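[1] Quick check, what structure comes out for this input:
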Amino acid sequence: MSTYPNPNPVFGLAPIFGCGVLGTANTALTAPGGGTVATIITATVNSLIHVVRFKMTVTSSAGMWRLWHYDGATYYLIDEINIPVVTVSATQGAYAFDYYVPGGILLPEGHSLRATTEKSEAAVACAYGETLGRAA
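    Okay, here's the model as predicted:
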């Protein structure tokens, strides 16, 4: 194991943020191209996503959100997030889930992070991260 510092460290240059609206059912587990897919964020430069927040905007029934990496030609399923039953009321807010990835999700320039929902229930998915660059 080397004890020397990294000669080419990578630093976050600027914060990035993007959101996509989910609402039309898409049950695909391979390539969701035939159904509705929400684009959360598209990297204009190499980027690192730290967290994706999924938030229902209505009462939810048991279902699934799916998070995808799209390279411009192919979809890659990153993960599936279970949605519990939550009845929205004056004392109960809609369900929300923060999806954290240790080390983040690397999005090369031109790649995008996308999401689908298994049920036709309204939700929003927002990604928070940073653009990447090398030290001068």
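[2] give the contact list for the residue positioned nearest the centre of the chain.
    What sits nearest the mean C-alpha location of the chain, by CA atoms, centre = their mean, is residue 52, with 4.6 Å. For residue 52, the contacting residues are 40, 67, 98, 99, 113, 115, 125, 126, 127, 128, by CB atoms under 8 Å, 6 or more residues apart in numbering. C-betas here are computed from N, CA, C, even on glycine.
[3] Next one: the second one from residue 39, what distance?
    Here the distance between residue 67 and residue 39 works out to 12 Å (CB to CB, to the nearest Å).
[4] Compare neighbour counts for those two and give me the winner.
    Per other CB atoms under 10 Å, whichever of residue 67 and residue 39 has more neighbours is residue 67, with 22 against 16.
[5] who does that one bridge with?
    On the basis of DSSP bridges, residue 67 is bridged to residue 79, residue 115.
[6] Could you do residue 41 as well?
    Residue 41 has these beta-bridge partners by DSSP bridges: residue 113.
[7] That one contacts residue 105, correct?
    No. The criterion here is CB atoms under 8 Å, and residue 41 misses it with residue 105 at 10.0 Å.
[8] which residues are in contact with both of these two?
    Common contact partners of residue 41 and residue 105 (CB under 8 Å, 6+ apart): 49, 113, 129.
[9] Can you give the contact residues for stretch 25-36?
    23-24, 37, 66, 68, 74-75, 77, 114, 116-120.
[10] Let me have the residues you listed in CSV, extended by pLDDT.
    Below are these laid out as CSV (pLDDT from 0 to 100):
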residue, pLDDT
23, 91
24, 90
37, 92
66, 95
68, 95
74, 92
75, 92
77, 94
114, 95
116, 94
117, 93
118, 91
119, 92
120, 92
